[in-house]
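**Student:** have a look at this fold, sequence not included:
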């Protein structure tokens, strides 16, 4: 982790380094919280690092990396990617891992542009169906590459309403 932080010109991060040393599964983060009396924010970062780091691969394409960055946010994305990288056989200078780890520098995750009002205007009433339509639209929006054009957003909203009818 020390080598990766240096390679990426990141500040030293004690929680990230602790995660690299002692966290493989969520239960490890729980044990560390109890033993070290960690603050909630520190525990939550360790817990996030433990949740699915083994699914991340340096060969991921930009789309897959963007989806994870959107869902986790910059800090947790970086934590999880660096943890996966430390446990991979590739070196600290591997270009694929470097590209993935520096994604938050090159791309900022947008906010989901559709709101409940967009679906209510299409006849969806408040309740479980509205939540399902929002969730379906967000999934479609991510799959479409985070479009911002009004026509693309309208098509996504219309399809989500039709899907949840």
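**Tutor:** Arrived safely. Since the structure is predicted, the reported quantities are computational estimates derived from the model, not experimental observations.
**Student:** which other helices and strands does the host helix or strand of residue 20 contact?
**Tutor:** Element membership for residue 20 (DSSP states H and E) is helix 14-22. Judged by 3 or more Cβ pairs under 8 Å, 6 or more residues apart in numbering; DSSP states H and E, the packing partners of helix 14-22 are helix 26-36, helix 40-50, helix 74-86. Heads up, the C-betas are built off the backbone N, CA and C, glycines and all.
**Student:** so where is the protein shaky, pLDDT-wise?
**Tutor:** For the chain, no stretch is flagged by pLDDT under 70.
**Student:** outline the domain layout of it.
**Tutor:** Domain assignment for the chain by automatic domain parsing gives 2-106, 116-163.
**Student:** specify the residue positioned farthest from the middle of this structure.
**Tutor:** In the chain, residue 123 marks the outermost C-alpha relative to the chain mean, sitting 31.7 Å out by Cα atoms, centre = their mean.
**Student:** do you know how far it is from residue 4?
**Tutor:** 51 Å (Cβ to Cβ, to the nearest Å).
**Student:** most packed of the domains of the chain?
**Tutor:** Mean neighbours per residue, mean count of other Cβ atoms under 10 Å, is largest over the domains of the chain for domain 2-106, with a mean of 17.
**Student:** and that domain, how far out from the chain's middle?
**Tutor:** The chain centre lies 11 Å from the centre of domain 2-106; the measure is Cα atoms, centre = their mean, to the nearest Å.
**Student:** for that domain, measure first residue to last.
**Tutor:** Length of domain 2-106, first residue to last, Cα to Cα, to the nearest Å: 22 Å.
**Student:** on that earlier part again, and the helices and strands packed on helix 14-22: which comes nearest residue 8?
**Tutor:** helix 74-86 (8.0 Å; Cβ to Cβ).
**Student:** the closest one: what's the following helix or strand?
**Tutor:** For helix 74-86, the following helix or strand on the C-terminal side (DSSP H and E) is helix 95-101.
**Student:** which element follows that next one toward the C-terminus?
**Tutor:** helix 103-106.
**Student:** hmm, who's touching the helix or strand following that following helix?
**Tutor:** Next along the chain after helix 103-106, taking DSSP H and E as the criterion, comes helix 116-120. Residues from elsewhere that reach helix 116-120 (Cβ atoms under 8 Å, 6 or more residues apart in numbering): 126, 130, 133-134, 137, 153, 157, 160-161.
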